[in-house]
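In: Sequence and computational prediction follow.
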Amino acid sequence: MKTIAILILSTLPLLAAPFQATGFKVGEVTSHSAIVWTRLTAKPKPNPATAPTLTFHYADGTSKTPDLRSRPVRKRGPYKSIEYNTPGKVRDIRYAAPGLAGKVRVLYSPILLVPGSTIIVKPKSTPWRRVDTKADFTRQFKLNDLIAGLTYKVVVESRAADGAAGQKRIGRFTTAPMKDQAARVVFTVSTGQTFRHQDRPDGFEIYPSMLKLKPSFFVHTGDIVYYDGLAKSKELAHWHWQRMYSLPTNVDFHTKVASYFIKDDHDTWTNDCWPSMNTKSMFQFTFEQGLKIFPQQVPMGKSTYRTVRWGKDLQIWMMEGRDFRSPNNMPDGPDKTIWGAEQMAWFKKTVAASDAAFRVLISPTPIVGPDRDNKRDNHSNKVFTHEGDQLRAFIAKQKNMVVICGDRHWQYLSVHPKTGVREYSCGPASNQHAGGWRQSDYRKDIHQYLNVTGGFLSGTVERKGGKPSLIFRWHDVKGKVLNTDVFGNE
């Protein structure tokens, strides 16, 4: 019997390179368009934890050899060099998913549900395109001919430079309803995702938990990867994305749910960073390189701040908090900004033009807080009081407008004492990453919910008796509802 089994297995076709170890992502979805992000890899899986590491050498003569999973290397003075023990350098270190040249294309077709059956329409196809070897072997396709409110099947095919077929991945996503269509919309939001704080062997528990809700879309508010300790070159910055998005939970989720990505400090450059910041702690990796890498690693259009309409009752705004900001240590006043004048004007203009029943500002950092007294990086901190007050006053004047924020490592619902602006903090991606606030520090004048835990936030827009409501729910990592807030009409 053993011999027969071996013979049968030997007749199965062997999958050949190129592979798609980092899966694909669908993003920037509207009622008529979407962007599909793809990447080709040399292997079907990332390098194992037993692969080589690297060594950092410092100017003071000391060295550090990290295991690349535990707590990142802390600053030990100026860096001198990075030593690799293999000829492939970053390609060969543990958790890397090295890229490979080749071509990709996307096949897509709506899935039509009729009583008793499911019909998949003959797919449309993009042209074959080479991946960009200078952008970590990635390629993005914009699909412009989509139909509103439909679920689409997506097939990402690959082939080698010589034309041989490579790995194929299959997934789906749903387009937004038209702006005059009253539709039920479910969305989820997360932040604070560190590689070392995985809470299951294959990645993060929140991803299969979110899938159970069948979300229309997902928003990552930033701190998607944490560059600070290990990204001392642009190649190591790309490596951060490779190791995070080759995790099976992450790959599976993003082939099934459309996403929007917002960057914050840790996936721009370093903690609490701004464009003119000077630091030697990032060695060969620069702020400008960080700005260039982010839109290479996620599906992204021309601007990192944008607004999207999801039917008659929901419009969301996703903001850019790093590109245009003043130095954190600059004295506060009319000229000090996080958003910049152009983005602020755009925000106010587009909000004023919206007739959505609910308008949701999704910010990478808090606007209401409260935050720790020693923080100096967001609109809820004293050092940005002028612009924070301006922004809160504007939001307070809008009908049915709320704020969702990332960045903070705890869940909360806060209501600003002076303006009444409501802010929903989604909390970090895992319990291991929760912290930074004491559970006992519940402030009755502002908090309506506080929980120092990991998990995610979900929002559900639906109509009851013809009246729209927006229901927020905080979940633990397993998906259990920890708290509910109904905003609008029940």
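Out: Structure's in. What do you need?

In: now T188: how far from V219?
Out: From T188 across to V219, the span is 7 Å (CB to CB, to the nearest Å). C-betas here are computed from N, CA, C, even on glycine.

In: I should have written F456 there, sorry.
Out: Going from F456 to V219 by CB to CB gives 10 Å.

In: Compare the two (neighbour count), which wins?
Out: Using other CB atoms under 10 Å, the more surrounded residue of F456 and V219 is F456, with 28 against 25.

In: just the helices in this structure please.
Out: With DSSP state H as the criterion, the chain has helices at 2-10, 206-211, 234-244, 248-254, 287-297, 341-353, 385-396.

In: rewinding a little: overlap in contacts, F456 and V219.
Out: Residues touching both F456 and V219 by CB atoms under 8 Å, 6 or more residues apart in numbering: T188, V189, S190.

In: Who does the second one form a beta bridge with?
Out: Partner residues in beta bridges with V189: V219, L457, with DSSP bridges as the criterion.

In: How about the contacts made by it?
Out: Per CB under 8 Å, 6+ apart, neighbours of V189: F218, V219, H220, T221, I362, I404, G406, C426, F456, L457, S458, G459.

In: Please state the offset of the longest strand belonging to the chain from the chain centre?
Out: Taking DSSP state E as the criterion, the chain has its longest strand at strand 103-114. Put simply, strand 103-114 sits 24 Å off its chain's centre (CA atoms, centre = their mean, to the nearest Å).

In: Could you list every helix and strand in contact with that strand?
Out: Packing partners of strand 103-114 (3 or more CB pairs under 8 Å, 6 or more residues apart in numbering; DSSP states H and E): strand 34-39, strand 117-120, strand 124-125, strand 129-130, strand 138-143, strand 151-159.

In: Among those, show me which one is buried the most.
Out: Ranked by mean neighbour count, the helices and strands packed on strand 103-114 are led by strand 34-39 with a mean of 25 (mean count of other CB atoms under 10 Å).

In: Which residues does that one contact?
Out: By CB under 8 Å, 6+ apart, strand 34-39 touches 20, 22, 24-28, 99, 104, 106, 108, 131, 136-143, 146, 152, 154, 156, 158, 173, 175, 258, 297-301.

In: what do you get for stretch 312-320?
Out: Against stretch 312-320 from outside (CB under 8 Å, 6+ apart): 177, 179-183, 185, 187, 219, 260, 262-263, 303-310, 339, 343, 347, 350-351, 354, 356-364, 461, 463, 468, 470.

In: What count of nearby residues applies to the nearest residue to T133 once chain neighbours are set aside?
Out: Spatial nearest neighbour of T133, excluding adjacent residues (CB to CB, 6 or more residues apart in numbering): A101 at 5.6 Å. Other residues near A101 come to 14 when the count uses other CB under 10 Å.

In: tell me the pLDDT at A101?
Out: At A101, the pLDDT value in this model is 98.

In: re the thing from before, buried residues in the longest strand of the chain?
Out: For strand 103-114, a neighbour-count test (16 or more other CB atoms under 10 Å) marks K103, V104, R105, V106, L107, Y108, S109, P110 as buried.

In: got a list of contacts for stretch 107-115?
Out: With contacts defined as CB under 8 Å, 6+ apart, stretch 107-115 is touched by 36, 118-126, 143, 147, 150-157, 172.

In: Quick one: end-to-end length of stretch 23-40, please.
Out: By CA to CA, to the nearest Å, the extent of stretch 23-40 from end to end equals 9 Å.

In: Mean confidence (pLDDT) on that stretch, please.
Out: 98.

In: Residue numbering should commence at 56 henceforth.
Out: Okay, residue one is now 56; in that scheme the one you just asked about reads as stretch 78-95.

In: which residues touch the spatially most central residue of the chain?
Out: Central residue of the chain (CA atoms, centre = their mean): H275, 3.3 Å from the mean position. For H275, the contacting residues are V244, S245, T246, Q248, S314, Y315, F316, I317, G461, by CB under 8 Å, 6+ apart.

In: quick one on the thing from earlier: partner strands of the longest strand of the chain and their direction?
Out: As assigned by DSSP bridges, strand 158-169 forms pairs with strand 172-175 (antiparallel), strand 179-180 (antiparallel), strand 184-185 (antiparallel), strand 206-214 (antiparallel).

In: Help me confirm that M456 comes into contact with L446.
Out: No. Applying CB atoms under 8 Å as the test, M456 and L446 come out as separate, 11.3 Å apart.

In: Which one's more surrounded, these two?
Out: In this view M456 and L446 are compared by other CB under 10 Å, and L446 has more residues nearby, 24 against 20.

In: From G388, how far off is the more buried one?
Out: For L446 relative to G388 (CB to CB), the value is 15 Å.

In: if we can go back for a sec, now the buried residues of strand 158-169 as a markdown table including distance to P127?
Out: A markdown table is the format used below for the buried residues of strand 158-169 (distance: CB to CB, whole Å):
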| residue | distance to P127 |
| --- | --- |
| K158 | 36 |
| V159 | 32 |
| R160 | 38 |
| V161 | 35 |
| L162 | 40 |
| Y163 | 39 |
| S164 | 43 |
| P165 | 44 |
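
In: Just give me the closest of the residues you listed to D426.
Out: V161 (41.7 Å; CB to CB).

In: which of the contacts of stretch 367-375 count as buried?
Out: 232, 234, 238, 240, 242, 274, 315, 317-318, 359-365, 394, 398, 402, 406, 409, 411-419, 516, 523, 525.

In: quick one, what contacts the nearest residue to T334 once chain neighbours are set aside?
Out: Excluding the flanking residues, the one nearest T334 by CB to CB, 6+ apart is T325, at 6.4 Å. T325 makes contacts with Y282, D283, M332, T334, S336, M337, as judged by CB under 8 Å, 6+ apart.
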